[in-house]
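Enquirer: here are the coordinates; sequence isn't available:
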């Protein structure tokens, strides 16, 4: 009774009551008109969310399922693909590509840094056989935001498909697919969309559809042309994840009632707040320059055990945050501020982080980090999305 | 306000309130101890449900995803497999096998009939290269229950894996995996388990695990050895469908509180009731001899349009039933009586069927079909599961 559980992880995120009540509705049949009406409503707004003329295909799987669907639908064994590898999920692209029998050409980026679009262009020039670029928009393991728009400018000028993992980006920061020239954009339900995991969404450009239609699907369960055909009748190829789609109908209402610009502004302000608070504590930010709008990675002071910090935050303060993955385990804390999270949740998260670091033998530089964080939030909430980053949030 | 919606389809099925409230719970994190405790509880009871020493792997996908996982994990391109094809889902095994590059040897069974285990044995004898048998336990498109136990006796005596689609069987009629000698049993969440679609479950025998460990997974998203490794720590390989697993925790409570024997007895009685009612109306039963315990397929009188019957049942009586698929479209009605459905729902379904046939220009043989159906239910509810079928329910 002392603490409420506060989920400040980079997915899954807390669920709004409206969504939870929608998830609890009794079942309807996925081949009947009442469900097809939901699908039609959802489809229209998914196109707005993705910034595409559509269609946006719902798949019953996790985000990794959609990544698998992209690789197994757009490429054939033996194809060369460029992978931007700057974290655990970049490495996942490589693993998927290898299992599919592709030949990944890796553009390696230091964890915490963003890819240089010129490096992508150079690698494509040197390897004219490359048929696609696989990358993250937001690399969830590091908190980096890659310059996808600039990479798209490179791929659009070539016969190379840009496949962008938007799992920690769609609904969190702008990534208008058609305007930027992304060929395949995908996401999962448990991040910006404020839903439980288990539903993925994927959309293709015209030239990606041409490729998908020309290739034989590499996995029976992920047959995008068959899905598109079925979606024209407001159904899915296989049994739909009905209650997640009914929940999506509700979460899209919430996101679009306020307008996407408001959502992005909120995400920007929560990011500014978290970064200002962490910097005021005296901690390094792991993604100093190019950072995501839904997650902040914070480097722990030397000698402080990240696993213990997380355990203390959860047990003593009820705040559930994420640690580093793989080589970053114990070294960083990742605060998720995505989905159904607001400034007061982040305030609690910052305080739990500071006190837990102290509990684990570390110290913080400032007593005023909460007030500094709130000032940053208040200032940022009136800053238009995409405006230059105030220097105070950038720490290298 | 005139009618409530009654879902009498062979999946998805209505949801119990307890499950719906569980689905509405706020999110917990799939890598933290509270979720791992749910997974441990669920795993123990899934082993009881499947009749296996385990493990039973949860996958975030529909039942077709689990079928894909089985084919892509247990066989390699070029392998010969025997497919029992007696309906749409038997044909789906063939499609999956072909897309994986296998060479299916088809044992074709007339739709409405069950496979003869001797025919399976003969085909295996004639094709010693066959490495597996792919079949349904309950073929949802026809309402047939195949004699899987007898087929398992054939495969156990050979180096041939028996892969059984239990999507319309697990939790509906007995199929104890280890006792019968099934090598791979799989199901989906939206039938006997009284959950929304989006979660699949799959278990392997020891010799199937040996095969899976020896093969390279054919699809990145379906890596059963990696799933098993992660499940040992009560997690899934990729992000778990958290709210479906929390719902499963509740539905397993409901199924096992009364005991599986009670569940099977109820399913048997609902089947007897539906068949007796349909026979009393004068309608042929599409699966006269070997029939599933969760679905009854009824042949419509000549000249009556099945699509119109279904529309009338839904619009005038609020009862949602399924029609025939592919070549059976318009010719049969499939009444689902699985999951959270009881005798009163079936009573409503039978009445809606009879009145809708009359509305569409047909007629029924008897006015007493409802009382006859209820008598069959009352008699059957005290018959032990698996007892000989009273002659009244069998109509050829």
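Expert: Everything's here; your move. As the structure is a computational prediction, the values presented were derived from the model and not from experiment.
Enquirer: Let me see the backbone angles for residue A:89.
Expert: Listed backbone geometry of residue A:89 is phi -80, psi -30, with angles given as degrees, to the nearest 10.
Enquirer: Mind listing the residues bridging to the closest residue to it other than its chain neighbours?
Expert: Distance criterion C-beta to C-beta, 6 or more residues apart in numbering or on different chains; nearest residue to residue A:89, sequence neighbours excluded, is residue A:136 at 5.3 Å. From N, CA and C alone the C-beta is placed, and that goes for glycine too. Under the criterion DSSP bridges, residue A:136 forms beta bridges with residue A:165.
Enquirer: residue ranges of the helices in chain A, please?
Expert: Across chain A, reading from the start of the chain, the helices by DSSP state H fall at A:17-23, A:33-50, A:63-74, A:88-99, A:117-126, A:148-156, A:177-180, A:206-214, A:224-231, A:242-258, A:260-280, A:306-317, A:343-359, A:369-381.
Enquirer: among the ones you listed, which is the most enclosed?
Expert: Per residue and on average, the most neighbours among the helices of chain A fall to helix A:63-74, with a mean of 28 (mean count of other C-beta atoms under 10 Å in any protein chain shown).
Enquirer: Which other helices and strands does that helix contact?
Expert: Using 3 or more C-beta pairs under 8 Å, 6 or more residues apart in numbering or on different chains; DSSP states H and E as the contact test, the elements touching helix A:63-74 are strand A:56-59, helix A:88-99, strand A:130-136, strand A:161-165, strand A:184-188, strand A:200-204, helix A:206-214.
Enquirer: mind redoing it with 6 Å?
Expert: Other helices and strands packing on helix A:63-74, by 3 or more C-beta pairs under 6 Å, 6 or more residues apart in numbering or on different chains; DSSP states H and E, are helix A:88-99, strand A:184-188, strand A:200-204, helix A:206-214.
Enquirer: Hey, what's the angle from that helix to helix A:88-99? Just curious.
Expert: Here helix A:63-74 points in a direction 40 degrees away from that of helix A:88-99 (axes from the mean of the first three to the mean of the last three C-alpha atoms, to 10 degrees).
Enquirer: In the stretch 201-350 of chain A, which residue sits closest to chain B?
Expert: Per C-beta to the nearest C-beta, the residue of the stretch 201-350 of chain A with the smallest distance to chain B is residue A:241, at 3.5 Å.
Enquirer: Excluding covalently adjacent residues, which one is nearest to that residue?
Expert: By the measure of C-beta to C-beta, 6+ apart, the closest residue to residue A:241 outside its immediate chain neighbours is residue B:198, 3.5 Å from it.
Enquirer: Could you measure from that neighbour over to residue B:240?
Expert: Summarising the geometry, the distance separating residue B:198 from residue B:240, computed by C-beta to C-beta, to the nearest Å, is 11 Å.
Enquirer: Let's see the pLDDT reported for the residue nearest to residue A:241.
Expert: At residue B:198 the predicted local distance difference test score is 98.
Enquirer: which ones are touching it?
Expert: When the contact criterion is C-beta atoms under 6 Å, 6 or more residues apart in numbering or on different chains, the partners of residue B:198 are A:60, A:198, A:241, B:241, B:244.
Enquirer: what about residue A:217, neighbour count?
Expert: Applying other C-beta atoms under 10 Å in any protein chain shown, we find 17 residues neighbouring residue A:217.
Enquirer: Quick check, it in contact with residue A:225.
Expert: No - judged on C-beta atoms under 6 Å, residue A:217 makes no contact with residue A:225 at a distance of 7.5 Å.
Enquirer: coming back round to it: show me what contacts the residue of the stretch 201-350 of chain A closest to chain B?
Expert: For residue A:241, the contact set (C-beta under 6 Å, 6+ apart) comprises A:60, A:198, A:199, B:197, B:198.
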